[in-house]
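Student: give the three-dimensional model of this entry:
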Amino acid sequence: MKILVYAHQLEVGGTQVNAIEIAAALRDLHGYDVLLFATPGPMVKLIEEKGLRFLPAPEPHIHPSPARMRALRDAVRCERPDLLHVWDWQQCLDAYYAVHLPQEIPMVVTDMYMSLTRLLPRALPTTFGVPALVDLAKARGRRQASLLLPPVDARLNAPGAVDPQPFRRRYGIEHGAITLVTVCRLSEWLKSESLIRTISVVRALGRDVPLQFVIVGDGVLRAKLQRLADEINAELKRSAVILTGALLDPRPAYAAADIVVGMGGSALRGMAFGKPVVIVGEKGFSAPFTPATAESFYYKGIYGLGDGDPENSRLAAGIRGLAEHPDRLPGLGAFARQFVLRHFSLEVACTRLVGVFQSAVSELPTVRATVTDAFRTAAICLRERNIFPDGHVLRRRFRLW
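Tutor: Okay, the predicted model is just below:
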């Protein structure tokens, strides 16, 4: 089977890594002919390292993007894939109207958002990254909803896979400090609250607990976070908060961590390295990943919504509880890695996805379902427009269920 993967703009980010690693695994483990179509960015280097074919797409300025739709039609006409694997709603709009409807090419959508997006066509085979969302999607009439947990390459992300010492020396991580590490895009949307809250915890606890917080990533928040870091470092008279910028290979940061703070794929990669993790979300949510919380995080996602918690007390208590009991860290890290191996390995994800692909090729939606979907999605697109909070591209934000 020949698959054209239509991925995000190739910025440094977790979903981009997922798309590339799954594409390579489908080729290596299942013998598929796979090529990627996406707007170029730093992650092209990972595509090259994996030896995958890459077709550059134009820069999108709106969604749907007429320029990318034309380029996608040309790519499909030239490559003649058996199936399109499309990541998230922006790419879904382009592929659905440019290729799937007029050419009847089977199409599978992967949506890794933490909520359901109304505009996704209901009859298309769609994978979600959280079991709770699969259940909700089916309850809302999406009979083709399937589970694709965020995959982790547990061979490349593993204890001992990389040497952390060069990273620790380069960024001045102090011997004896409790090193917190976050790896994420520094965007206003979804990420800003937990980043600022964690910095606040370091400020509050930093005189009593030898914390160093290393932030790996780049984005529109970087200047603001650097100002906060400079203030706290001057106040504590040491490098308590360190910003490294984006790293194409962040594995040395995970390896150097004593505790990982994060959500989604970033938290899972920390777990794969055998690190204890404090999972963060929005509205003050935070909770350590432990045997007591594992089942809930599996079902609801590696993320959460809190009740506001203006005092930031839960995050402070979670970090303090781990930092002041270092003897607990190895056991929690070992449990976390076994959790990833059992549920989130790249091999398990690819096996599930192959089944979805085979069904998509053999069971096309009915004409009635397709026509209904096409008008429904178009109506939502025309009715609900807004600019995403990060503002770097004019996009449309759609109401959730």
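Student: starting at the chain centroid, how far to the least confident helix or strand in the chain by mean pLDDT?
Tutor: Every helix and strand of the chain was ranked by mean pLDDT, DSSP states H and E. The lowest is helix 367-383, at a mean of 82. Distance of helix 367-383 from its chain centroid, counting by C-alpha atoms, centre = their mean, to the nearest Å, is 28 Å.
Student: quick one: buried residues of that helix?
Tutor: 369, 370, 373, 374, 377, 380, 381 (16 or more other C-beta atoms under 10 Å). No exception for glycine: its C-beta is placed from N, CA and C like everyone else's.
Student: CA-only coordinates of it, as CSV, when you get a sec.
Tutor: Below are the C-alpha coordinates for helix 367-383, written out as CSV (Å, rounded to 0.1, in the frame of the first residue of the first chain):
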residue,chain,number,x,y,z
VAL,A,367,-22.6,8.8,-1.0
ARG,A,368,-25.3,10.1,1.3
ALA,A,369,-22.9,10.3,4.2
THR,A,370,-20.3,12.0,2.1
VAL,A,371,-22.6,14.6,0.8
THR,A,372,-24.0,15.4,4.2
ASP,A,373,-20.5,15.7,5.7
ALA,A,374,-19.3,18.0,2.9
PHE,A,375,-22.1,20.5,3.4
ARG,A,376,-22.0,20.2,7.2
THR,A,377,-18.2,20.9,7.4
ALA,A,378,-18.4,23.7,4.9
ALA,A,379,-21.2,25.4,6.8
ILE,A,380,-19.2,25.2,10.1
CYS,A,381,-16.1,26.6,8.3
LEU,A,382,-18.1,29.6,7.0
ARG,A,383,-19.9,30.3,10.2
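Student: renumber starting at 50 from here on
Tutor: With the count now opening at 50, the last piece we talked about shows up as helix 416-432.
Student: where does pLDDT dip in the protein?
Tutor: Within the chain, the set of residues satisfying pLDDT under 70 comprises 433-450.
Student: how is it divided into domains?
Tutor: If you go by automatic domain parsing, the domain ranges for the chain are 51-200+394-432, 214-392.
Student: so which of those domains gets nearest residue 206?
Tutor: Smallest distance to residue 206 across these (C-beta to C-beta): 3.9 Å, for domain 214-392.
Student: rewinding a little: just the buried residues of helix 416-432 now: which is nearest residue 372?
Tutor: Proximity of the buried residues of helix 416-432 to residue 372 was ranked by C-beta to C-beta; the top entry is residue 429 with 46.4 Å.
Student: and the closest one, how close does it get to residue 179?
Tutor: Shown here: residue 429 relative to residue 179, a distance of 22 Å by C-beta to C-beta, to the nearest Å.
Student: now do residue 302
Tutor: Following C-beta to C-beta, the distance that separates residue 302 from residue 179 is 25 Å.
Student: secondary structure class for residue 263?
Tutor: Reducing the assignment to helix, strand or coil with DSSP: H, G, I helix; E, B strand; the rest coil, the entry for residue 263 is strand.
Student: again but with residue 134, I slipped
Tutor: Per three-state DSSP, the secondary structure class of residue 134 is strand.
Student: show me the contacts for it.
Tutor: 52, 53, 54, 55, 72, 156, 157, 159, 402, 406 (C-beta atoms under 8 Å, 6 or more residues apart in numbering).
Student: could I get those as TSV with distance to residue 279 and secondary structure?
Tutor: Formatted as TSV, the entries for those read as follows, by distance: C-beta to C-beta, whole Å; DSSP: H, G, I helix; E, B strand; the rest coil:
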residue	distance to residue 279	secondary structure
52	47	strand
53	46	strand
54	41	strand
55	41	strand
72	41	helix
156	48	strand
157	46	strand
159	40	strand
402	45	helix
406	50	helix
